[in-house]
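Participant: could you look at this predicted model? Sequence included:
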Amino acid sequence: EEKLNLDDSQWEDIHVVTGALKMFFRELPEPLFPYCFFEQFVEAIKIQDNATRIRSIRTLVKKLPRPNYDTMKILFEHLQKIAAKESVNLMSTQSLGIVFGPTLLRPEKETGNMAVHMLYQNQIVELMLSEYSKIFG
C-alpha cells in the first residue's frame, strides 16, 4: 500500500532494488514454488538424463497455480536477460541460482538437509534459466 517514488536516488543502487525484490519473494506467505511442490522439483533435478530432467521440470511448472506460473515466467525471463549480460554484471545463471534458489524454493519445514537442499535449489533455478525456452516455451 506504500507509495514509492522510484525517482528517489536510493533506487539508483541496483543492490537496493535486488534486495527489495528478494525480500518481496522471501516474505510471501508461501514461496513462488509452493511448498507442496518442493520435493517434486528436487526429485526432478536429480534425474540424470538432461532431456528427461527438463521435461520433468516443465511438467511441474505447468502444474503450478496460474499466478505462480505467470509470475515465475516473467521473473525468469527477466533473470535470463540479466544472465545474458554476464560479461558486464558478473551474474551468470549459476550466480543467479545461488542468489534466488533459496528465496524462491524452500521446504515448508527446515530439516538437517539444508546444505543439500540449497544445492538443489540453486540447480533448479540455474536449469530453469539456462533452459527457459524449453520450460516456458
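Facilitator: Alright, I've got the coordinates.
Participant: please list the outside residues in contact with the strand or helix carrying Ser133.
Facilitator: Under the criterion of DSSP states H and E, Ser133 resides in helix 132-136. Contact partners of helix 132-136, identified using Cβ atoms under 8 Å, 6 or more residues apart in numbering, comprise 54, 57-58, 61, 73, 76-77, 80, 128. To be clear about C-beta, it is placed using only N, CA and C from the backbone, and glycine gets the same treatment.
Participant: can you check stretch 83-95 too?
Facilitator: Stretch 83-95 is touched from outside by 82, 96, 99, 122, 126, 129-130, with contacts defined as Cβ under 8 Å, 6+ apart.
Participant: Gly101 is in contact with Gln121, correct?
Facilitator: Yes. Between Gln121 and Gly101 there is a contact at 3.5 Å, judged by Cβ atoms under 8 Å.
Participant: among these two, which residue is more densely surrounded?
Facilitator: Gln121 (27 against 22; other Cβ atoms under 10 Å).
Participant: list the buried ones in the helix or strand the more buried one falls within?
Facilitator: Gln121 belongs to helix 114-130 when assigned by DSSP H and E. By neighbour count on 16 or more other Cβ atoms under 10 Å, the buried set for helix 114-130 is 117, 119-130.
Participant: fine, thanks again, bye for now.
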